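In: Have a look; sequence and predicted model below, questions after that.
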Amino acid sequence: MSSLETRFITYTEGNKIDPKRQVKDIVETYSRNPDVPSKVDIWKKIYHVQYNTIELLYHYDYNFVTNNTRSFIKPNLAETGGKILFYPDKTTGYIADPRAKPPRPLDIYLALCDNMDSEYYTRKHIRDRETDVTVYLKQRERELTDPVLFVALFDTERNDAAKKGWKEQEAQKAEVTEREKEAEIDPLAPYLARMFGSGHGAGTISIKEATLVRDQCINDFKSKQLARQNLVQERFDKLNTEYKNKRLWYLANQFILTPEKESAYFAMSAELAFKVHTLEVRLTRHKDLSAPRFKILEEYLDKHPLLKEYNRMRHYYKKK
């Protein structure tokens, strides 16, 4: 666990030629680690980026009014081929305890290597945060200058597209209702036309023909209702499975997703959930209305004038 407490960054002032500010100094402070002697427990790191130096201040030891310090002038890696070379004349230090032994050159070299690596990761972290801030500022600017209003499907006051669609549906329903009033639809018409041709009028038909026409009408109604139910059920099962798989995928990857991918997942998940709910409502409504629709069809056929003789015989045998 890191003991880092604070990180303070000083930037240079921007100008017209180079408006982007550069990192000048980085100051990090660390809490005291009781398991490590104070003489090697770093309290403060100061990275003088522009001067290419590192300054270390260690924690105060008990009953001491001064603390150990160490400063480095970093070697030029471009000149050394990427290798960290140690030059004793490029490091200075102060030891608060006069009785303490001076540190070994190897320990000083290892401290230089560790702190150069630490500076690299610190500056990388700072660049990443600068990139995040730049993205946030650009996003805020886009939201302020070109706002996009997301309207819910069920917001009837603001969703103009849905409102227009609902008005068109209402107009179509009104037209269908008006046409049905003008010309009453006969469910037996297709079967009579198939059996006798389109020129069949209101003439009587035999009981055998009436039985055949009535059975065809009822069987077709049942098969169409079942086919419609199976189609909706198939779509519901497919989308519901896809929604569950997406949910499992998100639970397995939620800690490694970027904000953009997470937002895209939530939008897609909301759309899938809406479609699943819509199909579930359609399926339930279809099941609830199938029996009443079949009953209405039977009542209509019981009163049909062409099936009058058939219905009379059927009721007669029912009573017997």
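Out: That came through fine. Numbering: from 1, shown residues only.
In: So which elements touch the helix or strand containing residue 217?
Out: Using DSSP states H and E, residue 217 sits in helix 207-253. Counting contacts by 3 or more C-beta pairs under 8 Å, 6 or more residues apart in numbering; DSSP states H and E, helix 207-253 is packed against helix 189-196, helix 259-302, helix 308-319. Any C-beta I mention is one placed from the backbone N, CA and C, and that applies to glycine too.
In: Out of those, which gets nearest to residue 81?
Out: In terms of C-beta to C-beta, the element of these nearest to residue 81 is helix 259-302, at 40.2 Å.
In: any idea of the angle the closest one forms with helix 207-253?
Out: With axes from the mean of the first three to the mean of the last three C-alpha atoms, to 10 degrees defining the directions, helix 259-302 sits at 170 degrees from helix 207-253.
In: which strands and helices sit next to helix 259-302?
Out: In terms of contacts (3+ C-beta pairs under 8 Å, 6+ apart), helix 259-302 is packed against helix 207-253.
In: cutoff 10 Å now
Out: Here helix 259-302 touches helix 105-145, helix 207-253, helix 308-319, going by 3 or more C-beta pairs under 10 Å, 6 or more residues apart in numbering; DSSP states H and E.
In: Wait, residue 303 touches residue 311, no?
Out: Yes - using C-beta atoms under 10 Å, residue 303 is in contact with residue 311, at 8.0 Å.
In: Quick check: phi and psi at the closest residue to residue 205 other than its chain neighbours.
Out: Spatial nearest neighbour of residue 205, chain neighbours left out: residue 306 (5.7 Å); criterion: C-beta to C-beta, 6 or more residues apart in numbering. Here is the backbone geometry of residue 306 (degrees, to the nearest 10): phi -70, psi -20.
In: follow-up on the earlier one: which one of the helices and strands packed on helix 259-302 is the most hemmed in?
Out: helix 207-253 (a mean of 14; mean count of other C-beta atoms under 10 Å).
In: So for that helix, mean pLDDT?
Out: Mean pLDDT, helix 207-253: 90.
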